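Asks: got a predicted structure here, sequence first:
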Amino acid sequence: MERANLLDSEVRYEEQSVSEVQSHTTLRLTVRGCLNSAAHMLIGANVFVALWFSFKSTPISAFQLHVGLCVVGYQLLMSHAILSLNEDNTWSSRLPVLYRMRLHVALQIIGSVLAIAGSVIMMMEKSVNFTSVHGKLALAALIFTSVSLINGTISFFSNGRRNTIKIAKMNHVLCGTAAFVISSVCLCFGYYKNSFKKWASHDVAIVMISITCLYTAIVVIRPGKTFIRKFLNVFKIKVC
């Protein structure tokens, strides 16, 4: 009798443990899904306002092209290139891993080309470049974007040594994430320029800066975890 009671208590304990694990898993997936959906909405709002500001008048100037191309390249396409690899991403989660990788490559290349084109247009328009904080951040984002493209190409098409590919992938994740974060900070400084504050208002500029910071933090969660995992794997570091 005592043995039967003991077995019953063990079964109930195991069932309770399984139920708690399932509950925690469901909660974690729900939170991650909500964050992903919030990121999409915030990115959409941000890009809409930036494009509205950049194309508010005609004829279209080099400044307007600069804003439009860089915002679409960095904030819309490159952010979705990062999110496309996320298993919680609503529109790409059902795709096979290989298709998600190809989608990531396509979005990354198109976004990088648009962002680089937008930066080059502004550099050609001005006689002196990279004197302001916004300009220096734009140059840094441009450099990291170029390096990320090179490392991404090596890791995607390379059939060489496995360790070399791992390092290339790790550098690609690091440089790509850095490029996106720096471009977001650069956009924040752009929102704080007098041209935008006069068009909208100081309060709207603060709201747009907050939106940019919020979705940037959400987007870089996944690549941040990926970089740490790859770093520990490449250098054989064990975490207890």
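Replies: Arrived safely, thanks for sending.
Asks: how about low-confidence regions in this structure?
Replies: Per-residue confidence for the chain (pLDDT under 70) gives these ranges: 1-24, 158-164, 237-240.
Asks: can you give me the strands for it?
Replies: Counting by DSSP state E, the chain has no strands to list.
Asks: who's in contact with Leu35?
Replies: By Cβ atoms under 8 Å, 6 or more residues apart in numbering, Leu35 lies in contact with Asp88, Ile218, Ile221. Yep, even glycine has a C-beta here, placed from its N, CA and C like the rest.
Asks: which of these fall in helices?
Replies: Among these, the ones falling in helices (DSSP state H) are Ile218, Ile221.
Asks: just the closest of the contacts of Leu35 to Val147, please.
Replies: Ile221 (22.0 Å; Cβ to Cβ).
Asks: residues near the closest one, how many?
Replies: By other Cβ atoms under 10 Å, the residues close to Ile221 number 16.
Asks: from now on call the first residue 28
Replies: Okay, using 28 as the starting number, the last item reads as Ile248.
Asks: please report how far it lies from Ile109.
Replies: From Ile248 over to Ile109 the distance is 10 Å, taken as Cβ to Cβ, to the nearest Å.
Asks: distance-wise, check Leu214 relative to Val58.
Replies: 27 Å.
Asks: just Lys263 next, same as before
Replies: Using Cβ to Cβ, we find Lys263 at a distance of 32 Å from Val58.
Asks: quick one, which of the two is more surrounded?
Replies: Val58 (11 against 6).
Asks: could I get the contacting residues of the more buried one?
Replies: Val58 neighbours (Cβ under 8 Å, 6+ apart): none.
Asks: repeat the analysis, applying 10 Å as the threshold.
Replies: Asp115 (Cβ atoms under 10 Å, 6 or more residues apart in numbering).
Asks: Phe183 is in contact with Arg129, correct?
Replies: Yes. Arg129 is within contact range of Phe183, at 9.1 Å (criterion: Cβ atoms under 10 Å).
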